[in-house]
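Asks: Got a sequence here, can you model it:
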Amino acid sequence: MRLHHVQVACPRGGEEVARRFYADGLGLVEVAKPEALAGRGGAWFRAYDDGGAVTAEVHVGVEEPFAPARKAHPALLLDDVTALDAIADRLRRLGFEVDGRERETFPGHLRWHAFDGHGNRVELLARR
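Replies: Numbering: from 1, shown residues only. Just a heads-up that it's a prediction; the model follows:
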């Protein structure tokens, strides 16, 4: 069994804010939603390895009424601590909240928690 994707929510019209966080901030690539799902709104993002294989997929779906996921979250594993810290810096420069209070609390890893523009929690971590 493998995880295919994780979905987080946004309010109607929240796609541009999602793009700033997931594409501009995290560096994920936006991909077209299947035609049958495109009318629902939202946006899909993927990460790829050097060989072009998909390594992570995040779907941002419109939810009404909207409530951000402040505890439940996707956790994205970065290649190294340098990449982890670079993404945290980029997110901060883009105006997103990045929380380092739990940076050293997950055994064998360093991590940040960030909040997308809609308040959804996203964990970013790398092996020590």
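
Asks: for this protein, what are the low-confidence residue spans?
Replies: Of all residues in the chain, none has pLDDT under 70.

Asks: Identify the single longest strand in it, thanks.
Replies: The residue-count maximum for a strand in the chain (DSSP state E) belongs to strand 54-62.

Asks: which other helices and strands contact it?
Replies: Here strand 54-62 touches strand 6-10, strand 43-48, going by 3 or more Cβ pairs under 8 Å, 6 or more residues apart in numbering; DSSP states H and E. In this view, the C-beta of every residue, glycine as well, is placed from N, C-alpha and C.

Asks: In a markdown table, list these along with distance to residue 77.
Replies: Shown next, in a markdown table, are these (distance: least, Cβ to Cβ, whole Å):
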| stretch | distance to residue 77 |
| --- | --- |
| strand 6-10 | 13 |
| strand 43-48 | 10 |
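
Asks: Which stretch among the ones you listed approaches residue 70 most closely?
Replies: strand 6-10 (11.4 Å; Cβ to Cβ).
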